[in-house]
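[1] here is my input, please return the structure:
(2 chains)
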There are 2 protein chains.
Amino acid sequence: MPKPKKHVLVCVQGRPPGHPRGSCQQKGCSEVYQAFLETFQARNLWNEYAVTNTGCLGPCGTGPSVLVYPEGVMYAGVTAGDVGAIIDEHLIGGSPVARLQAPAEVW
Amino acid sequence: MPKPKKHVLVCVQGRPPGHPRGSCQQKGCSEVYQAFLETFQARNLWNEYAVTNTGCLGPCGTGPSVLVYPEGVMYAGVTAGDVGAIIDEHLIGGSPVARLQAPAEVW
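    Residues are numbered from 1 along each chain as shown, chains lettered A, B, ... in the order given. Take a look at the predicted model:
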């Protein structure tokens, strides 16, 4: 693929039940990752943008975590319902979605 | 963690033997990922830089693939022996390692 205009990284890290850090998987990241894939497919976004699943991105406590480069904007507590806003406002519109950004103390 | 100065993404994607795309795992990415982790630990780089394992980054044919943001520099055919150069020259020195960069046609 060509170098994408924006690259969406979706944490899909899992941890065993009861682990003190929890995990994005426990908080529903699989639905978020799936929603990005399905929307990219439906809207034919793969030529200009990329989505990749990742291991731990760091802020497990505020997951599901989604990180968008090149800006390095970290989103916290993302749900499948937020995926459209991230795509429309940030990827295509160029303005990060302020209401979803992780608190400054975690990123 | 705080927002890192540079974020190293290491593809650790595997595919079944005989798969036409091959995979970075088949080409030795685990040693590359491990070398980043060990070097970050030994040199105490975690406060300023980040390393994350990822699913497929795209250019499977030229793997192991390592991608560094915010520049969006894709490295191809990376070995554990290249990790020191990427850290010293690119992460700390600020100059991407030209000899390791992926060809323009794949990124």
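
[2] where's the spatially most central residue of chain A relative to chain B, distance?
    Central residue of chain A (CA atoms, centre = their mean): A:Val66, 2.3 Å from the mean position. Relative to chain B, A:Val66 is positioned 13 Å away (CB to the nearest CB, to the nearest Å). Quick note: C-beta positions are derived from backbone N, CA and C, even for glycine.

[3] quick one: contacts for that residue?
    A:Val66 sits next to A:8-11, A:32, A:74-75, A:78, A:86 when contact means CB atoms under 8 Å, 6 or more residues apart in numbering or on different chains.

[4] from those, which land in helices?
    Judged by DSSP state H, the subset of the contacts of A:Val66 located in helices is A:Val32.

[5] reformat the contacts of A:Val66 as JSON lines; add pLDDT and distance to chain B.
    Output for those, formatted as JSON lines (pLDDT from 0 to 100; distance: CB to the nearest CB, whole Å):
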{"residue": "A:Val8", "pLDDT": "98", "distance to chain B": "12"}
{"residue": "A:Leu9", "pLDDT": "98", "distance to chain B": "7"}
{"residue": "A:Val10", "pLDDT": "98", "distance to chain B": "9"}
{"residue": "A:Cys11", "pLDDT": "98", "distance to chain B": "8"}
{"residue": "A:Val32", "pLDDT": "98", "distance to chain B": "14"}
{"residue": "A:Met74", "pLDDT": "98", "distance to chain B": "7"}
{"residue": "A:Tyr75", "pLDDT": "98", "distance to chain B": "13"}
{"residue": "A:Val78", "pLDDT": "98", "distance to chain B": "17"}
{"residue": "A:Ile86", "pLDDT": "98", "distance to chain B": "17"}
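
[6] so who does the residue of chain A positioned farthest from its centre touch?
    Distance from the C-alpha centroid of chain A, by CA atoms, centre = their mean, peaks at A:Gly18 (23.9 Å). If you count contacts by CB under 8 Å, 6+ apart, A:Gly18 has none.

[7] now swap in A:Ile87 and tell me
    A:Ile87 neighbours (CB under 8 Å, 6+ apart): A:36, A:39, A:43, A:45, A:49.

[8] fine by me, we can end here.
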